[in-house]
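**Student:** Please find the sequence and the predicted model below.
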Amino acid sequence: MMLPDLLELENAARIVYGAMPATPQYNWPLLDAALGLETWVKHENHGPAGAFKLRGGVVYMERLLRREPGVRGLAAATRGNHGQSIAFAARRHGLEATIVVPHGNSAEKNAAMRALGARLIEHGGEFQESREHAWALADHERLHMVPSYHPDLVAGVASYWLELLRAQPGLDLVLVPIGQGSGFAAAVAAREALGLTTRIVGVVSSHAPAYRLSFQAGRAVEAPVSTVLADGMACRAPDAASLEVVLRHADDVIAVSDAAVAEAMRLMYACTHNVAEGAGAAALAGALQMKREGKLGGVARIGLPLTGGNVDAPVFSEVLAAPPRHSREGGGPRLGEWPAR
């Protein structure tokens, strides 16, 4: 896949800034102490939809309407943040978005999408089933189906990586959560466009390990999804184009458990008083894991995106409470089972 160059990224960023301002990146001393190195958090939770995805949605919508001015409406499948971005972008242009989510999806993300004007449909037990249903709906109702990964989504998302890497060009390492791969490809595109040598490590859920298994095998590998907490990374089948970027550019792809994600959510809140959803805390979870495994040697400065803060209040309350460990066979912890370390 050809990644967008700096000119294309800057053009996309101008579209983004018509809908939202740049988000901050802050150094938090308590996180420095926890990781033993200089830590910069990119606060995508401060955006108008509480997550990085909005950047891609507004760029995709703007460019779609230039190519296809007669679009009647949009369809998309999501676990929440992608759907919010598409609903937000569609509303700006007076169009309706039909969003398909799995049964049991985040109640508060569902409410946010409805508040943005989306027609929300619950279908299937996991994301892949929702995506297949969304494609069928788009075909039947003659809607434009927005994929979870597309060059225009990457170009929009890359605006936050340009902000971070221009503000802190000396970062040795950044960790990037991987759902369908737009965030990872955007990080690579920004790094390459700016001519930097920053290492990029992908982070997946150990309860949704498709991209890690694919990285290790050098080819696409599907894997079952059982994560409860990191719904933004609940991917069963890798996207072919984003996997190509991961295979070519990732320094590594690591996996973190729901328990490790819960630990990172608690630490992020304690150190910064920012709320991180599961996927939003995955980069910090990965950094903590690398520290414990002695894999941060030679790293003096690290960048961690807080990719989103859209976690349901009851879930976050249970994570913060950190109840005692419970054991069960297989999968990640259920709600109420986030173990304290």
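**Tutor:** Happy to help now that I have it.

**Student:** Sketch out the helices for the stretch 101-250 of the chain, chain order is fine.
**Tutor:** For the stretch 101-250 of the chain, applying DSSP state H, counting those that start in this stretch gives helices covering 107-115, 127-141, 151-167, 182-194, 210-217, 240-249.

**Student:** will you turn those helices into TSV that also has mean pLDDT, distance to Gly309 and mean neighbour count?
**Tutor:** Yep, even glycine has a C-beta here, placed from its N, CA and C like the rest. Listed next are those as TSV, based on pLDDT from 0 to 100; distance: least, CB to CB, whole Å; neighbours: other CB atoms under 10 Å:
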stretch	mean pLDDT	distance to Gly309	mean neighbour count
helix 107-115	94	11	18
helix 127-141	93	20	18
helix 151-167	97	14	25
helix 182-194	97	15	25
helix 210-217	98	23	20
helix 240-249	96	24	19
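
**Student:** Among the ones you listed, which comes closest to Ala259?
**Tutor:** Relative to Ala259, the nearest member of the helices of the stretch 101-250 of the chain by CB to CB is helix 210-217, separated by 17.1 Å.

**Student:** Mind checking the helices of the stretch 101-250 of the chain for the one nearest to His46?
**Tutor:** Using CB to CB, the nearest of the helices of the stretch 101-250 of the chain to His46 is helix 151-167, at 10.5 Å.

**Student:** quick one: which of the helices of the stretch 101-250 of the chain is nearest Ala255?
**Tutor:** helix 210-217 (5.0 Å).

**Student:** on contacts alone, who are the packing partners of the closest one?
**Tutor:** strand 199-205, helix 240-249, strand 252-256 (3 or more CB pairs under 8 Å, 6 or more residues apart in numbering; DSSP states H and E).

**Student:** Apply 6 Å and report the result again.
**Tutor:** Judged by 3 or more CB pairs under 6 Å, 6 or more residues apart in numbering; DSSP states H and E, helix 210-217 is in contact with strand 252-256.

**Student:** what's next to the strand it packs on, contact-wise?
**Tutor:** 201-204, 206, 209, 211-212, 215, 282, 285-286, 289 (CB atoms under 6 Å, 6 or more residues apart in numbering).

**Student:** what number of residues lie near Tyr37?
**Tutor:** In this structure residue 37 is Leu, not Tyr. The local packing of Leu37 (other CB atoms under 10 Å) involves 17 other residues.

**Student:** now Thr272, nearest residue through space, not along the chain?
**Tutor:** Closest residue to Thr272 apart from its sequence neighbours, by CB to CB, 6 or more residues apart in numbering: Trp28 at 5.0 Å.

**Student:** Could you measure from the one you found over to Arg301?
**Tutor:** 13 Å (CB to CB, to the nearest Å).

**Student:** cool, Ala134 as well?
**Tutor:** 41 Å.

**Student:** swap in Leu65?
**Tutor:** For Leu65 relative to Arg301 (CB to CB), the value is 40 Å.

**Student:** again with Val228
**Tutor:** For Val228 relative to Arg301 (CB to CB), the value is 33 Å.

**Student:** Run through who's touching stretch 19-26.
**Tutor:** With CB under 6 Å, 6+ apart, stretch 19-26 has contacts from 40-44, 46-48, 58, 163-164, 167.

**Student:** For that stretch, buried residues please.
**Tutor:** 19-20, 22-23, 25 (16 or more other CB atoms under 10 Å).

**Student:** Near Leu320, how many other residues are there?
**Tutor:** 14.

**Student:** Kindly confirm my reading that it is in a helix.
**Tutor:** Yes: counting by DSSP: H, G, I helix; E, B strand; the rest coil, Leu320 is found in a helix.
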